[in-house]
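> below is the structure, and that's it, no one-letter string:
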């Protein structure tokens, strides 16, 4: 008797929900992040909106992939939305940095799932210089987890290569401990070797997302530049841009109150 083929394991994308009522807003974090990075923003949107905070593939509590492409990442998230919060109606999608690119690809490939799109400090262009992320990933991978005694010890070892305590604190959120010792929640090896793909952007010929788009830039960041506007508006013709003062790339962390107000105003405007 022939054995039945083994069932392929379903890919798991971990989510956390904040709020019970209102329209659904789905958040995608950036490289090294987790869905919980948007907890403060999600609480600020209550009670008008319910927020779903996604751990993108290779991050947080989600499964890891064997390779990286924005098409694959967006399709995995689309599968999640299609079977859960967007099963009956499209949802608002907010993406920061790498998550912004995944959100844009999602809107272009599965526009029926996306009611409106918010892209935070990211553009649909290729970014050649990924040296900063190469340095950060190299520093994290250089930690000897087997000999590590505590999270504070890891912080101490990273003080020389990573001067900013804020950056170290953010990165160490992905360090966890279980019965076998310390491990990284993020798929550091894959992310490190995939930096050219993470900095890249897939080609879209004659494709547009025709829904409303808010393009948020940090005034002290170079991820959104005037020269990128034609590429953005070619793919997303209903784009409205806003720049938040006194904010760098981490707009929602550096200016949370202003970002929440801008986001709420845009989302509420989709009901008028």
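Structure's in. What do you need? Predicted model only: the values in this text are computed from it and were never measured.
> continuing past the one helix or strand in the chain whose mean pLDDT sits lowest, what's the next helix or strand?
Using mean pLDDT, DSSP states H and E, helix 165-171 stands out as the lowest-scoring helix or strand of the chain, at a mean of 90. Next in sequence after helix 165-171, counting helices and strands by DSSP states H and E, comes strand 175-178.
> poorly predicted segments of this protein, please.
1-9, 271-272 (pLDDT under 70).
> so what does the least confident helix or strand of the chain touch, helix or strand wise?
helix 131-141, helix 151-158 (3 or more Cβ pairs under 8 Å, 6 or more residues apart in numbering; DSSP states H and E). C-beta coordinates here come from the backbone N, C-alpha and C atoms, glycine included.
> okay, the ones you listed in TSV with distance to residue 92 and mean neighbour count next?
Listed next are these as TSV, based on distance: least, Cβ to Cβ, whole Å; neighbours: other Cβ atoms under 10 Å:
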stretch	distance to residue 92	mean neighbour count
helix 131-141	28	15
helix 151-158	35	15
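> okay, these in JSON lines with distance to residue 166 next?
Formatted as JSON lines, these follow (distance: least, Cβ to Cβ, whole Å):
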{"stretch": "helix 131-141", "distance to residue 166": "13"}
{"stretch": "helix 151-158", "distance to residue 166": "12"}
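> nearest to residue 210, of those?
helix 131-141 (32.5 Å; Cβ to Cβ).
> circling back to that earlier point, other residues contacting the least confident helix or strand of the chain?
32, 33, 136, 140, 155, 158, 159, 162 (Cβ atoms under 8 Å, 6 or more residues apart in numbering).
> same check on stretch 65-75?
Contacts of stretch 65-75 (Cβ under 8 Å, 6+ apart): 56-58, 76, 101-102, 105-106, 109-110, 187, 190-191, 194, 197-198, 200-202.
> who touches stretch 33-46?
So stretch 33-46 is contacted by 14-16, 18-19, 22, 25, 27, 29, 51, 53-56, 59-61, 94, 96-97, 99, 170, 173-174, 185, 252-253, 256-257, 259-260, 263-264, 267 (Cβ under 8 Å, 6+ apart).
> can you check stretch 237-246 too?
Outside stretch 237-246, the residues touching it (Cβ under 8 Å, 6+ apart) are 208, 210-220, 224, 229, 232-233, 251, 254-255, 258-259, 262, 266.
> quick one: secondary structure of residue 227?
Secondary structure for residue 227, judged by DSSP: H, G, I helix; E, B strand; the rest coil, is helix.
> ok, now how distant is it from residue 123?
For residue 227, the distance to residue 123 (Cβ to Cβ, to the nearest Å) stands at 9 Å.
> between those two, which is the more surrounded one?
residue 123 (22 against 8; other Cβ atoms under 10 Å).
> and the more buried one, what does it touch?
Contacts of residue 123 by Cβ under 8 Å, 6+ apart are 223, 224, 225, 228, 231, 232.
> can you tell me the SS state at it?
Criterion first, three-state DSSP; result for residue 123: coil.
> do the one 3 residues further on as well
Per three-state DSSP, the local secondary structure of residue 126 is coil.
> residues in contact with it?
199, 200, 201.
> give me the buried subset of the contacts of stretch 237-246.
211-218, 224, 232, 251, 254-255, 258-259, 262, 266 (16 or more other Cβ atoms under 10 Å).
> quick check, residue 254 in contact with residue 121.
No - applying Cβ atoms under 8 Å as the test, residue 254 and residue 121 come out as separate, 10.3 Å apart.
> count of neighbours near residue 27?
Using other Cβ under 10 Å: residue 27 sits among 30 other residues.
> same thing with residue 146?
8.
> quick check: chain neighbours aside, which residue is closest to it?
Excluding the flanking residues, the one nearest residue 146 by Cβ to Cβ, 6 or more residues apart in numbering is residue 181, at 6.6 Å.
> now swap in residue 74 and tell me
residue 105 (3.9 Å).
> helices or strands up against whichever strand or helix holds that neighbour?
Here residue 105, judged by DSSP H and E, is contained in helix 98-109. Here helix 98-109 touches strand 23-28, helix 70-83, strand 91-96, strand 114-120, going by 3+ Cβ pairs under 8 Å, 6+ apart.
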